[in-house]
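**Q** what would the 3D arrangement of this be:
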Amino acid sequence: MADAPIAVVTGAAQGIGLACAEALNEDGYKVILVDIQDSVHKAAADLGGVGMICDMGDVDAIGALFDTIEAEHGPVSALVNNAGIAMPGNFLDYDLDTFDRVMNINLRGVFVAMQRAAATMVEKGIEGAIVNMSSINAQVAIPAIPAYCASKGGVMQLTKVAALALAKNNIRVNAVGPGSIDTEMMAGVNANPEAFKMAMSRTPLGRSGTAREVGDVVAFLCSKKASYVTGETIYVDGGRLGLNYVMS
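**A** Model (predicted):
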């Protein structure tokens with residue numbers, strides 16, 4: 001795959017990020033899986049990709065990451081900003097350090113990575129694709145995750161900004177907004193029958209989504225099949241955002 005285009009997926013050790021990497025690998029990309037967890041190396045090896053460690057809340061680390069990728073593998077053609085954390089807490093006493101940590105990874109890290117990847121795309125004349133992981137919580141909200149909701153709304157808007165800024169270079173920027181997806185983040189809900197029933201009552205398709213269902217949409221947005229799509233957030237939510245009542 002020496003001549004394959006390079007795709008970078010952050011938060012790729014498991015869940016949605018790993019599913020994105022799998023889908024892009026099947027589409028012919030050489031995939032570089034990035035995560036703060038050491039398990040990213042095994043995930044990458046299993047996929048035949050490359051694993052790298054990076055804290056996406058650390059600006060200097062993000063710069064070093066892209067420097068290393070470009071030096072060892074070449075310029076990036078597709079970037080998937082998937083790394084993110086939720087860190088729930090009570091609104092009235094939500095700690096500002098916690099708020100800043102969530103925003104640094106979920107929003108500032110997305111901006112820094114986009115800016116760094118796009119700079120090389122522009123320099124090299126690469127008509128690349130960037131996909132950011134937003135959430136249905138960019139549109140709706142949960143009071144126990146104030147920073148997460150704020151960050152995902154910011155990702156939605158930042159996606160539009162980047163799409164407009166980079167359109168003249170034929171670099172497309174989109175976002176994906178998952179709903180209830182069967183990942184570790186939803187494990188607590190899945191383990192509680194009443195909580196799961198409530199979650200499904202507001203999901204018209206009546207089931208959780210899979211990580212791969214999100215990954216396939218990400219891969220589509222990185223492909224030529226989406227060549228006229230930019231600045232959009234595609235919601236993979238089983239119809240939830242269109243629902244204005246709770247289903248029985």
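**Q** what about Val9, which SS state?
**A** strand (DSSP: H, G, I helix; E, B strand; the rest coil).
**Q** quick check: it vs Ala163, distance?
**A** 19 Å (C-beta to C-beta, to the nearest Å). (Glycine included, C-beta is placed from N, CA and C.)
**Q** more neighbours: these two, which one.
**A** Val9 (35 against 19; other C-beta atoms under 10 Å).
**Q** list the contacts of that one.
**A** Gly17, Cys20, Ala21, Leu24, Val31, Ile32, Leu33, Val34, Val80, Asn82 (C-beta atoms under 8 Å, 6 or more residues apart in numbering).
**Q** out of the residues you listed, who's nearest His41?
**A** Leu33 (8.5 Å; C-beta to C-beta).
**Q** distance check, that closest one against Met52.
**A** Taken as C-beta to C-beta, the span from Leu33 to Met52 is 7 Å.
**Q** okay, and the common contacts of those two?
**A** By the contact definition C-beta under 8 Å, 6+ apart, Leu33 and Met52 are jointly contacted by Val40.
**Q** show me the contact partners of the helix or strand bottoming out on mean pLDDT in the chain.
**A** Between all helices and strands in the chain, the lowest mean by mean pLDDT, DSSP states H and E belongs to helix 187-191, at a mean of 72. For helix 187-191, contacts defined as C-beta under 8 Å, 6+ apart pick out Ser180, Asp182, Ala195, Phe196, Ala199, Ser208.
**Q** run the last query once more with 7 Å
**A** Defining contact as C-beta atoms under 7 Å, 6 or more residues apart in numbering, one finds that helix 187-191 is touched by Asp182, Ala195, Phe196, Ala199.
**Q** packing partners of the top helix by length along the chain?
**A** In the chain, taking DSSP state H as the definition, the longest helix is helix 146-166. When contacts are defined as 3 or more C-beta pairs under 7 Å, 6 or more residues apart in numbering; DSSP states H and E, helix 146-166 packs onto helix 96-103, helix 109-124, strand 129-133, strand 172-178.
**Q** fine by me, thanks again.
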